[in-house]
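Peer 1: give me coordinates for this.
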Amino acid sequence: MQPPGAVGKARACRGAPVPPRLDRRGSYAVIVGLAMVPMLGFAALAIDVSYMFLVRNEARAAAQAAARMASIRLREGASEAQIRNAAGAAAQEYVVAGHQVDFDEDMDLALGTWDYSSQSFSESGPGLNAARVLFHRGSSGGQPLSLFLGPLLGRDTVDLELESIAALRHHQVMLVLDVAQGMEAAMDDARDSILDFLDAACNCSLDSMGLVTVVGSAADASGARAPWTPLTTIASTAEYLSLKTSWNSLTWCNRPYGSTPHLAPNMPRCDAPWGDEAPSGSGTNHGDGMDLALDELLSHGDPESSRAIVLITDSGPNDPGGHLSTAALRNLASAAAASAAAADVHLYVLMDLGTLGGTGASFMQTLVEVPQDYYQLSSSSEFSGAMQHLASRVPVALLE
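Peer 2: Below you'll find the model as predicted:
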């Protein structure tokens, strides 16, 4: 039942005039039309920017490959023409924006020096250690990069240009050579191996090398705790020949006493540091030798280089004279290895099993951080091959 007066009100509403409806259909078309211009612009920007990032990554990969190969061949002593050929072959394995890289048209190669301290490349530095590859397509050479929707905004192409630098990390190596009497039979092979290592390092200037001789302590010919040759930068033929002449005279320790003396006055005495003239000598204190080598690297080395200590021996730590226990000598060696690792100095151990049957070999293996840094050799004749392999293990830094 309707309330009173409801029927009258309903009839009054039926007779009221209806206002006209507004027609807005044309206004939406205008709004959409106006919005399409920025929408298409943003779409073109998103698509073409993504494409440019993709192509830039392709170009960077090609430039890095060329720079890396150039630096490797530089390390090997190749000529500039050979370096260019190798870099070109590496680059042409890549496709950029759908087209195979043309090394001569797309890239410029320059050899020079990378200064790690100033983080800069120079084509006129003191020694070649880096390769810079400039990739370009556009106004500097090569075809520019065509855009998909860029023409809608009045831009058909863009130039693409980037560079990649690969720099060699120079060797800075201190050799620690066991010259105790036990190395008598292996000394010729050990000496030849470090000379081979010197030749390999000399392929690229500015490497630095030095040598510590060790018996019961690290000592030079005068008996002082000092490197046999300090860390020396091989910046020219003069430094190379100086080291080669010095190392060519290496032999096992000087033993002017006993029934069968070994006169080697340019070497440390076999009984150093005890001086008791024991016929058996005073063994080998590897830890003292490694400590002295580390001191030399930290005092005179470059932290940006590839710093390493190479220990060449035929036995574990020992002291036949009984001045220090085997346990004490091993603790010294372990502490020295730990200090080297903390200073980011690589330790490599070359262990000849042929002379003394590998006495202490299992302990010597514990000194290195990774198994590949321990070279267990069946005879001293393998020293040379191991040292040449070490010379090839030079890291390459890729820089942008």
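Peer 1: identify the residues contacting Cys253.
Peer 2: By Cβ atoms under 8 Å, 6 or more residues apart in numbering, the contact list for Cys253 reads 179-181, 213, 215, 262, 264, 267-270, 272, 281. In short, each C-beta sits where N, CA and C put it, glycine included.
Peer 1: could you rerun that using 6 Å?
Peer 2: Val179, Val215, Met267, Pro268, Cys270 (Cβ atoms under 6 Å, 6 or more residues apart in numbering).
Peer 1: helices - which of these land there?
Peer 2: If you go by DSSP state H, the contacts of Cys253 have nothing in helices.
Peer 1: redo these as a markdown table? Include pLDDT, neighbour count and distance to Asp295.
Peer 2: Written out in a markdown table, the entries for the contacts of Cys253 read as follows (pLDDT from 0 to 100; neighbours: other Cβ atoms under 10 Å; distance: Cβ to Cβ, whole Å):
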| residue | pLDDT | neighbour count | distance to Asp295 |
| --- | --- | --- | --- |
| Val179 | 95 | 29 | 19 |
| Val215 | 93 | 30 | 18 |
| Met267 | 94 | 24 | 21 |
| Pro268 | 93 | 25 | 17 |
| Cys270 | 90 | 27 | 24 |
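Peer 1: closest to Ala87 out of these?
Peer 2: Minimum distance to Ala87 across the contacts of Cys253 is 43.8 Å, recorded for Val179 (Cβ to Cβ).
Peer 1: list the contacts for that closest one?
Peer 2: Val179 makes contacts with Thr213, Trp252, Cys253, as judged by Cβ under 6 Å, 6+ apart.
Peer 1: the same query, at a cut-off of 10 Å, please.
Peer 2: Neighbouring residues of Val179 by Cβ atoms under 10 Å, 6 or more residues apart in numbering: 187, 190-191, 212-215, 219, 228, 250-254, 264, 267-268, 270, 284, 289, 312-313.
Peer 1: and for Ser334?
Peer 2: Listed by Cβ under 10 Å, 6+ apart, the contact set of Ser334 reads His286, Gly287, Pro317, Phe363, Thr366, Leu367.
Peer 1: can you pull out the strands in the stretch 251-400 of the chain?
Peer 2: Secondary structure of the stretch 251-400 of the chain (DSSP state E, counting those that start in this stretch): strands at 306-313, 346-352, 374-377, 396-399.
Peer 1: worst mean pLDDT among those?
Peer 2: Of all the strands of the stretch 251-400 of the chain, the minimum mean pLDDT falls on strand 396-399 (a mean of 63).
Peer 1: hang on, Leu162 packs against Leu134?
Peer 2: Yes - counting by Cβ atoms under 10 Å, Leu162 touches Leu134, with 7.7 Å between them.
Peer 1: identify the contacts common to these two.
Peer 2: Ala63.
Peer 1: which of the contacts of Ser334 has the most neighbours?
Peer 2: For the contacts of Ser334, the largest number of neighbours (other Cβ atoms under 10 Å) sits with His286, at 30 neighbours.
Peer 1: hmm, that one is touching Asp314, no?
Peer 2: No - counting by Cβ under 10 Å, His286 does not reach Asp314; the two are 11.3 Å apart.
Peer 1: show residues contacting stretch 75-93.
Peer 2: By Cβ under 10 Å, 6+ apart, the residues outside stretch 75-93 that reach it are 61-74, 100-104, 106-107, 109, 111, 128-129, 131, 133, 135, 166, 168, 200, 202-204, 391-392, 394, 396.
Peer 1: which residues in the protein form helices?
Peer 2: For the chain, applying DSSP H gives helices covering 6-14, 25-75, 80-91, 103-106, 187-201, 237-248, 286-300, 326-342, 361-365, 383-391.
Peer 1: would CSV of the ones you listed with distance to Val158 and mean pLDDT be doable?
Peer 2: Shown next, in CSV, are the helices of the chain (distance: least, Cβ to Cβ, whole Å; pLDDT from 0 to 100):
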stretch, distance to Val158, mean pLDDT
helix 6-14, 68, 50
helix 25-75, 7, 75
helix 80-91, 21, 94
helix 103-106, 15, 90
helix 187-201, 45, 90
helix 237-248, 49, 92
helix 286-300, 48, 96
helix 326-342, 49, 96
helix 361-365, 57, 93
helix 383-391, 45, 88
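Peer 1: per-residue pLDDT, Pro151?
Peer 2: The model reports Pro151 with a pLDDT of 67.
Peer 1: same thing with Ser259?
Peer 2: pLDDT for Ser259: 81.
Peer 1: any idea how far Arg307 is from it?
Peer 2: 44 Å (Cβ to Cβ, to the nearest Å).
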